[in-house]
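Enquirer: Let's see this in three dimensions:
(chains A and B)
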Protein chains: 2
Amino acid sequence: MPKIVDHEERRAEIVAATMRVIERLGLDGATVREIAQEAGLSRSVLAHYFTNKAQILVTAHQTAFAAVRDRIAAQRAEIGDPVELLRVALEEAVPVDARRMLEANIDVAFWEFARHDPELRAIRLDSHLQAVEMWESMARDVQAAGSARDGIDVEAFGVETQLVIDGTSLQAVLFPEAMPPERQLAVVATHLRRVLRQ
Amino acid sequence: MPKIVDHEERRAEIVAATMRVIERLGLDGATVREIAQEAGLSRSVLAHYFTNKAQILVTAHQTAFAAVRDRIAAQRAEIGDPVELLRVALEEAVPVDARRMLEANIDVAFWEFARHDPELRAIRLDSHLQAVEMWESMARDVQAAGSARDGIDVEAFGVETQLVIDGTSLQAVLFPEAMPPERQLAVVATHLRRVLRQ
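Expert: Numbers count the residues shown, from 1 in each chain, chains lettered A, B, ... in the order given. Model (predicted):
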């Protein structure tokens, strides 16, 4: 089925072109026209893949979310100590460098669209619940290793971790002067200490 | 100067009408036309006060922010114990009921506009810094009363408190099924424990 292979490959190229355009022009500049030009495709060919801003944003969200998830999965495969893994994963999830700031910008923009569109909201809720579950499972590993504070509620910790990351991302995007990288790292370090045995 | 008094009074009436329209129709339905009708004014009279959506939103933000600040100031005047005051103020700042959910919706919508508009961003940054300072000062009172955990960084606690409230508001607005009132109260209770001597 060579046609399906072509479709998948082209889709991957278009996603890569989309992320390059967002990086260069910001989300507001990432129009169907700009993405077609970056990917070297006509707008009518691109229309098979994207027809509007919401679809561009869904692709950007899923790409950025998968990138964070894959980086954390790679760390999970490498780092044996669950406390160290949780520390590294928390630092991976906040926008301390340009790449992660781009991901945070995509996320904040996605919230805006999700507030107005039930389908986008459902997509974002799904990502949210996956993230909460990942944090919860990391906290369970810390607990199983005997490193957690007595009586910690790992389910609540999962919810609160994503809340801290969302709040940090929002403030870093809107008020970078008040939420610089060193402040972000202090926030996640404090959050990590909450789960650990003293 | 009766003209100035009229202007101030009319402004207050228009702000009240704006909040009633937002309550009834949501932010998206709060147009200059609807607000004029609610206030019983012609659109040309209203145009002296509001000319666009951004100005409506600034008024709604400042009204909602002042409402939270005034409620907390009233509690501050009444509640002597700084730990109890901090607990009550944290519960006042999260959207556990319809009135506070309206304020949270206004806030999330304001972030969207602030991301695109430097003037609105500056207004929102000012509110943010005032809120951070208020939480910091309440934590100092807890410390002065001898109720704080040893070595607590009250400045960091101020920043983190607003971050927890922003994250809770965002998730309650976007994912009310995942952030119901009882979860919000658990989040702020956990946050409060972080500052207290065990």
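Enquirer: got the contact list for the most centrally placed residue in chain A?
Expert: Nearest residue to the geometric centre of chain A (CA atoms, centre = their mean): residue A:65, 3.6 Å. Under the criterion of CB atoms under 8 Å, 6 or more residues apart in numbering or on different chains, the neighbours of residue A:65 are residue A:127. In short, each C-beta sits where N, CA and C put it, glycine included.
Enquirer: Could you say which helix or strand holds it?
Expert: Element membership for residue A:65, per DSSP states H and E: helix A:53-78.
Enquirer: low pLDDT regions in chain A?
Expert: A:1-5 (pLDDT under 70).
Enquirer: Name the residue of it that lies nearest to chain B.
Expert: residue A:167 (3.3 Å; CB to the nearest CB).
Enquirer: My guess is that residue contacts residue B:161. True?
Expert: No - with contacts counted by CB atoms under 8 Å, residue A:167 stays clear of residue B:161, the gap being 10.1 Å.
Enquirer: Within range of chain B, give me the residues from chain A.
Expert: Proximity of chain A to chain B, by CB under 8 Å from any CB of the partner chain, involves residues A:28, A:108-109, A:111-112, A:114-116, A:121, A:124-125, A:128-129, A:132, A:156, A:159-160, A:162-168, A:170-171, A:173-175, A:177-179, A:183, A:186-187, A:190, A:194.
Enquirer: Can you give me the domain assignment for chain A?
Expert: A:1-51, A:53-195 (automatic domain parsing).
Enquirer: The nearest residue to residue A:173 once chain neighbours are set aside: what's it in contact with?
Expert: Closest residue to residue A:173 apart from its sequence neighbours, by CB to CB, 6 or more residues apart in numbering or on different chains: residue A:108 at 4.7 Å. Shown in contact with residue A:108 (CB under 8 Å, 6+ apart): A:169, A:170, A:173, A:174, B:111, B:115.
Enquirer: So which of the residues you listed sit within strands?
Expert: Using DSSP state E, no member of the contacts of residue A:108 falls in strands.
Enquirer: can you list these in JSON lines and add distance to residue A:150 and neighbour count?
Expert: Shown next, in JSON lines, are the contacts of residue A:108 (distance: CB to CB, whole Å; neighbours: other CB atoms under 10 Å in any protein chain shown):
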{"residue": "A:169", "distance to residue A:150": "31", "neighbour count": "27"}
{"residue": "A:170", "distance to residue A:150": "32", "neighbour count": "24"}
{"residue": "A:173", "distance to residue A:150": "37", "neighbour count": "20"}
{"residue": "A:174", "distance to residue A:150": "37", "neighbour count": "19"}
{"residue": "B:111", "distance to residue A:150": "38", "neighbour count": "22"}
{"residue": "B:115", "distance to residue A:150": "42", "neighbour count": "19"}
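Enquirer: could I get those as TSV with distance to residue B:77?
Expert: Below are the contacts of residue A:108 laid out as TSV (distance: CB to CB, whole Å):
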residue	distance to residue B:77
A:169	36
A:170	31
A:173	36
A:174	32
B:111	31
B:115	36
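Enquirer: Closest one to residue B:138 out of the residues you listed, please.
Expert: When the contacts of residue A:108 are compared for distance to residue B:138 (CB to CB), residue A:170 comes out closest, at 22.1 Å.
Enquirer: Would you agree the closest one is in contact with residue B:167?
Expert: Yes - using CB under 8 Å, residue A:170 makes contact with residue B:167 at a distance of 7.5 Å.
Enquirer: Please, where are all the strands along chain A?
Expert: Shown for chain A, no strands are assigned by DSSP E.
Enquirer: Break down it into its helices, ranges please.
Expert: Taking DSSP state H as the criterion, chain A contains helices spanning A:2-29, A:32-39, A:43-46, A:53-78, A:82-93, A:98-116, A:118-144, A:154-174, A:181-195.
Enquirer: Tell me which of the ones you listed sits most buried.
Expert: Stretch with highest mean neighbour count among the helices of chain A: helix A:154-174 (a mean of 23; mean count of other CB atoms under 10 Å in any protein chain shown).
Enquirer: Remind me what that one packs against, helices and strands.
Expert: helix A:82-93, helix A:98-116, helix A:118-144, helix A:181-195, helix B:98-116, helix B:118-144, helix B:154-174, helix B:181-195 (3 or more CB pairs under 8 Å, 6 or more residues apart in numbering or on different chains; DSSP states H and E).
Enquirer: Dump the second one to CSV, keeping only the CA atoms.
Expert: The C-alpha atoms that make up helix A:98-116 are tabulated as CSV, following Å, rounded to 0.1, in the frame of the first residue of the first chain:
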residue,chain,number,x,y,z
ALA,A,98,13.7,28.0,24.2
ARG,A,99,12.4,24.6,23.0
ARG,A,100,10.3,24.1,26.1
MET,A,101,9.1,27.7,26.0
LEU,A,102,7.8,27.0,22.5
GLU,A,103,5.9,24.0,23.8
ALA,A,104,4.5,26.1,26.7
ASN,A,105,3.3,28.8,24.2
ILE,A,106,1.6,26.1,22.2
ASP,A,107,-0.1,24.8,25.3
VAL,A,108,-1.3,28.2,26.5
ALA,A,109,-2.7,28.9,23.0
PHE,A,110,-4.4,25.5,23.0
TRP,A,111,-6.2,26.3,26.2
GLU,A,112,-7.6,29.4,24.5
PHE,A,113,-9.0,27.4,21.7
ALA,A,114,-10.1,24.5,24.0
ARG,A,115,-12.2,26.9,26.0
HIS,A,116,-14.3,27.7,22.9
